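K.L.:
what's the 3D shape of this:
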Amino acid sequence: MGQDLKKYIRNVKDFPKKGILFKDITTLLKEPDAINAALKQLYGFAKDLKISKVVGVESRGFIFGAMLAEKLNAGFILIRKPGKLPAETESITYALEYGTDTIQIHKDAIELGERVLLHDDLLATGGTAKAAANLIEKLGGEVVQISFVIELTALKGREQLKNYDVRSLVKYDDKE
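P.N.:
Residues are numbered from 1 along each chain as shown. Now for the predicted structure:
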């Protein structure tokens, strides 16, 4: 299905702020065939990697991240915005396409040497994914793959992630 998934992704102008063309996967999530096709491809990327934990980034990264964890027989870990996790956390602040942000992970979420799949819905500038990978590594995890549903190639997020195995299902250039 790959690029065919594009027909299920909606563009939303000026979200979350003016000048941004947001790629919305909620329209993909309404369609069981699209969900299944996306999950099958994401699973195919990671099925032989001996993943022990899948880390999903708030909030859309939770959707496929949790499904992947189940299929990979791995644990699922949340990366969230400040104040959302109840136990002791590790934090990092980073730049993103439209400002700065901070994300957190529970300090006891990952054990030394665990093989981790990091998942989020979209790769733009790579700031969020790089920050998440840094948090995982700070806890002693090994990021063996980073997967996305969507990649905005014009924003060159892969450059920030050049030391990782990066996979995406659908790629958009700056004209789409």
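K.L.:
mind checking which helix or strand residue 51 is in?
P.N.:
Remark: residue 51 resides in no helix or strand, with elements defined by DSSP states H and E.
K.L.:
Show me what the longest strand seen in the chain is packed up against.
P.N.:
The single longest strand within the chain, with elements called by DSSP state E, is strand 142-152. Packing partners of strand 142-152 (3 or more CB pairs under 8 Å, 6 or more residues apart in numbering; DSSP states H and E): helix 32-46, helix 61-72, strand 115-123, helix 127-138, strand 166-172. Glycine gets a C-beta too; all of them are placed from N, C-alpha and C.
K.L.:
Highest mean neighbour count across these, which stretch is it?
P.N.:
Per residue and on average, the most neighbours among the helices and strands packed on strand 142-152 fall to strand 115-123, with a mean of 26 (mean count of other CB atoms under 10 Å).
K.L.:
ok so, going back, which one of the helices and strands packed on strand 142-152 lies nearest to residue 22?
P.N.:
Taking CB to CB as the measure, the helices and strands packed on strand 142-152 were each checked against residue 22, and strand 115-123 came out nearest at 9.0 Å.
K.L.:
what lines up beside the closest one in the sheet?
P.N.:
strand 53-57 (parallel), strand 142-152 (parallel) (DSSP bridges).
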